[in-house]
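Visitor: Provide a 3D model corresponding to the input given below.
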Amino acid sequence: MTNLTSASHLEALPAELFNHTLSYIFNPHESEIEESITEFGGYRFETSLLRINKNIHQLAKSHLHHVLPWVQFSLNWGAFAIEPRWLGVNYINTYYVKATKSPPAEFLKLRLRPVPQQAPSGRLHIKIEFPHPSHEAQEEVMRMVKSGTNTSMSLLVLEEDLASFMQVLRMNDLAYCHRNFPGTLISSDIYASRGVHGIKSEIVVAPSQQPKRYQHLILEFHVMRDSLHKTAIVGHGDIQLVKKSMRYIQQQLNYSAQKNLGLSKTDMSGRLSLETMGEAISSLLWLKHRGDEYLTEGLYSNAYMCYSSACVLENNWLRIAPPPTEFNFWTIVGCLYVTFGMSLMYNMAIAKMAGGLDLGPINVRGTSIVGYYGMLAILSGGGRLLDHHRFVELNMVAMIYENLAEDVDDGYRSFDLIEEIWEEHYTTEDLPSGLGLLYKTVKRINHAGHTPTSHPESLQELKGAAARGFADTKPLKWAVT
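Guide: Next up is the predicted model:
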């Protein structure tokens, strides 16, 4: 490295300075791409250094592959049911080029990389195998995550993103896998079996590493705990630490303690259902909170997909692993359950209109926004429990969205009500410029008697006015403090 006849000045640097230079060039924090309206967040490493000469290429590539703390994942799904990138979690897909940022989420628009990648092997290689579907809801998820061309994934995740990535991977687990204790009935003739009805995973440690480089990464896998999951650790340098890690990941001590209490397998399955309920609801609230953050920031596609992910998780969890019937906390009789669904519906509508997203009608839990508007009126005491201006604004959200999404063709039937509401409670001077334009657009279309069929251009005019009018509308936060 210090030879003065080196082919470049970079190679003439002392080894310590050379390595420091590589650490600066390939610093993930310096190479991170910020989330934007059109592009996912991620990493964009400057690779021109690799083209100086063969020697620099090998040294820089070695740094990028072996010094940065990568974890490699292999999954038998071609896409995620709940996509980490929509939630702001970075990873690199080594099979496919970067995904197009356009909802809906059933499949990110991917195409194969034109050149096979020499990807880093990672400090760990984690192989995830989701089980074959044995429930109607699982079959629906499988249609989302696999197609003729997308049947598997190979991903790279940096250490700093690993905890968040594992959190979203767990959400996919909650939305797909059964929650039974081994040996209990899943259906009339199917008994739950570890590694068959749960995830099979293998954590492979790359050779020639000290445990301090990878042990903390292994422990992040504990979020995938479940009695039906089957995990193996291969290549670890400390056998005792492997045993301890396995007990921690699979919570064997917890299940042994319950068994010692004399609980039957059926009782333990019931406890698993309750634990799953708490974890699933926590994840739902987190997804909504993340969506609210994106909505406030004006990243409407991300916001919509966070709310949509909450719908996917809730729908599948309640179908595949419902809580015991005596626990009605997360049912129609529960206030939090109702207000959560209502806030999802409203916030998805705001994201769609403010972002100009064309995704078709939304029916959260099979209920339209008109139904949720009725719930809003009841739960808010006719609006008395909300700020007056806020209640009128939410009234506008429901009525405008109904006309935009439901293909109403018998005249904009709610426009007369919109005029009455706004003219009763506001003067034109009271309205912010965006809402003022929306109100004037509604009034003009209403007085002209236009419908989507007779005047398609009026629908586009209304969409544009709604995007500007609701751009500053805050998310409904009743279910999250």
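Visitor: So which elements touch the helix or strand where S343 lies?
Guide: Take DSSP states H and E as the rule and S343 turns out to sit in helix 335-355. Here helix 335-355 touches helix 265-297, helix 300-320, helix 369-379, helix 388-405, helix 456-469, going by 3 or more CB pairs under 8 Å, 6 or more residues apart in numbering; DSSP states H and E. Using the backbone N, CA and C atoms, a C-beta is placed for each residue, glycine as well.
Visitor: of all these, which lies closest to N172?
Guide: Proximity to N172 (CB to CB) singles out helix 300-320 among those, at 8.6 Å.
Visitor: which of the residues in the helix holding S343 are buried?
Guide: 337-355 (16 or more other CB atoms under 10 Å).
Visitor: Same question for stretch 198-217.
Guide: Those would be G198, I199, K200, S201, I203, V204, V205, A206, Q209, Y214, Q215, L217, for stretch 198-217 by 16+ other CB under 10 Å.
Visitor: and the helix holding S343 with helix 456-469, angle?
Guide: 110 degrees (axes from the mean of the first three to the mean of the last three CA atoms, to 10 degrees).
Visitor: and helix 335-355 with helix 369-379, angle?
Guide: Interaxial angle, helix 335-355 versus helix 369-379 (the same axes, to 10 degrees): 130 degrees.
Visitor: average pLDDT across helix 335-355?
Guide: The pLDDT scores in helix 335-355 average 94.
Visitor: Kindly calculate the angle that that helix makes with helix 300-320.
Guide: For helix 335-355 against helix 300-320, the angle by the same axes, to 10 degrees is 150 degrees.
Visitor: Alpha carbons of helix 335-355, as CSV, please.
Guide: Taking C-alpha atoms only, helix 335-355 is exported to CSV below (Å, rounded to 0.1, in the frame of the first residue of the first chain):
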residue,chain,number,x,y,z
CYS,A,335,-65.0,1.2,21.5
LEU,A,336,-61.3,1.1,20.6
TYR,A,337,-62.0,-1.5,17.8
VAL,A,338,-64.7,0.7,16.3
THR,A,339,-62.7,4.0,16.5
PHE,A,340,-59.6,2.3,15.1
GLY,A,341,-61.5,1.1,12.0
MET,A,342,-63.2,4.5,11.6
SER,A,343,-59.8,6.3,11.8
LEU,A,344,-58.3,3.9,9.2
MET,A,345,-61.2,4.5,6.8
TYR,A,346,-61.0,8.3,7.2
ASN,A,347,-57.2,8.5,6.9
MET,A,348,-57.1,6.2,3.9
ALA,A,349,-59.6,8.5,2.2
ILE,A,350,-57.6,11.6,3.1
ALA,A,351,-54.4,10.0,1.7
LYS,A,352,-56.2,8.9,-1.5
MET,A,353,-57.7,12.3,-2.2
ALA,A,354,-54.7,14.5,-1.1
GLY,A,355,-52.3,12.2,-2.9
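Visitor: From the chain's centroid, how far away is that helix?
Guide: Computed by CA atoms, centre = their mean, to the nearest Å, the chain-centroid distance of helix 335-355 equals 16 Å.
Visitor: Stretch 457-473 too?
Guide: So, by CA atoms, centre = their mean, the centroid of stretch 457-473 is 27 Å from its chain's centroid.
Visitor: just stretch 465-481 next, same as before
Guide: Per CA atoms, centre = their mean, the centroid offset for stretch 465-481 relative to its chain is 20 Å.
Visitor: what residues does it touch?
Guide: Applying CB atoms under 8 Å, 6 or more residues apart in numbering, the set of residues contacting stretch 465-481 from outside is 285, 288-289, 291-292, 295-296, 298, 303, 336, 339-340, 342-343, 346-347, 350, 353-356, 379, 393-394, 396-397, 400, 404, 432, 434-435, 437-439, 441-442.
Visitor: And for stretch 367-374?
Guide: If you take CB under 8 Å, 6+ apart as the criterion, stretch 367-374 is touched by 341-342, 345-346, 349, 361-362, 364, 394-395, 397-399, 401-402, 405-406.
Visitor: Now that we have those, which of them are buried?
Guide: Neighbour-count burial (16+ other CB under 10 Å) applied to those gives 341-342, 345-346, 349, 362, 364, 394-395, 397-399, 401-402, 405.
Visitor: can you tell me which residues contact L263?
Guide: Shown in contact with L263 (CB under 8 Å, 6+ apart): R271.
Visitor: Can you classify K127 as helix, strand or coil?
Guide: Recorded secondary structure, K127: strand (DSSP: H, G, I helix; E, B strand; the rest coil).
Visitor: let's have the chain start at 91 instead
Guide: Happy to do that; since the first residue is 91 now, the last one works out to K217.
Visitor: beta partners of it?
Guide: For K217, the beta-bridge partners are S164, E292 (DSSP bridges).
Visitor: Number of residues surrounding it?
Guide: Counted with other CB atoms under 10 Å, the neighbours of K217 add up to 16.
Visitor: Same question for A538.
Guide: 11.
Visitor: and if you look at D506?
Guide: Using other CB under 10 Å, D506 is surrounded by 12 other residues.
Visitor: That one is in what secondary structure piece?
Guide: Counting by DSSP H and E, D506 is part of helix 505-515.
Visitor: Pull out the buried residues from that helix.
Guide: F505, I508, I511, W512.
Visitor: what's the pLDDT at the second one?
Guide: Yep, that's I508 we're talking about. 74.
Visitor: that older thread, of all the buried ones among the contacts of stretch 457-464, which two lie farthest apart?
Guide: The most widely separated members of the buried ones among the contacts of stretch 457-464, counting by CB to CB, are G431 and M489 (19.2 Å).
Visitor: from the chain's centre, how far out does stretch 310-319 sit?
Guide: Chain-centre distance of stretch 310-319: 19 Å, with CA atoms, centre = their mean.
Visitor: Now do the buried residues in it.
Guide: E310, F311, V313, M314, R315, D316, S317, L318, H319.
Visitor: what's the closest of these to M261?
Guide: Distance to M261 across the buried residues of stretch 310-319 (CB to CB) is lowest for V313, with 9.8 Å.
Visitor: Okay, the closest one and L264: tell me how far apart.
Guide: 10 Å (CB to CB, to the nearest Å).
Visitor: and what of H225?
Guide: Distance from H225 to L264, by CB to CB: 14 Å.
Visitor: who's more crowded, those two?
Guide: Taking other CB under 10 Å, H225 and L264 do not tie; L264 has more neighbours (22 against 19).
Visitor: Next, the contact list for that one, please.
Guide: L264 makes contacts with T366, E369, A370, S373, L403, W407, A411, as judged by CB under 8 Å, 6+ apart.
Visitor: Done for today, thanks.
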